[in-house]
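1. this one's sequence-less:
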């Protein structure tokens, strides 16, 4: 489960787990796993609104947790999700930019 909360006071946002594809999609697409998407993908959720993505990451690989509001993903509103074939528990990997 991923709990998504929009903490942006100025823009709506959504969250969707999608295959790591090139080029980056401009808006919503079919999620990589059933139910791996927040409500109102295109419109997004308003400031302070939350939704839970309850899904089973059943296939190892690299995915994106992507804001599907049109143009947001292209503007860099995404992060990488790696599903391991061997790990049994989630692991947070810190990155620096």
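-> Okay, I see it. These numbers come from a predicted model, not from an experiment.

2. flag the shaky bits of this protein, pLDDT-wise.
-> When residues are selected by pLDDT under 70, those of the chain lie in 92-97.

3. can we see that at 80?
-> 21, 89-97 (pLDDT under 80).

4. centroid residue for it?
-> For the chain, the residue sitting closest to the mean C-alpha position, by C-alpha atoms, centre = their mean, is residue 65 at 2.3 Å.

5. and the next helix or strand past the helix or strand that contains it?
-> In this structure, residue 65 sits in strand 61-66 according to DSSP states H and E. Counting by DSSP H and E, the next helix or strand C-terminal to strand 61-66 is strand 78-83.

6. gap between the strand holding residue 65 and the chain center?
-> 7 Å (C-alpha atoms, centre = their mean, to the nearest Å).

7. partners of it in the sheet?
-> Strand 61-66 sits in its sheet next to strand 16-19 (antiparallel), strand 78-83 (antiparallel), going by DSSP bridges.

8. give me whichever of the ones you listed is most buried.
-> Among the strands paired with strand 61-66, strand 16-19 has the highest mean neighbour count (mean count of other C-beta atoms under 10 Å), at a mean of 21. To be clear about C-beta, it is placed using only N, CA and C from the backbone, and glycine gets the same treatment.

9. is residue 80 bridged to anything, and to what?
-> Going by DSSP bridges, residue 80 forms beta bridges with residue 64.

10. was I right to think it contacts residue 62?
-> Yes: if you go by C-beta atoms under 8 Å, residue 80 and residue 62 touch, sitting 6.3 Å apart.

11. which residues do those two both contact?
-> residue 20 (C-beta atoms under 8 Å, 6 or more residues apart in numbering).

12. what strand or helix carries the residue of the chain positioned farthest from its centre?
-> With distances taken as C-alpha atoms, centre = their mean, the residue sitting farthest from the centre of the chain turns out to be residue 86, at 22.1 Å. Residue 86 belongs to no helix or strand when assigned by DSSP H and E.
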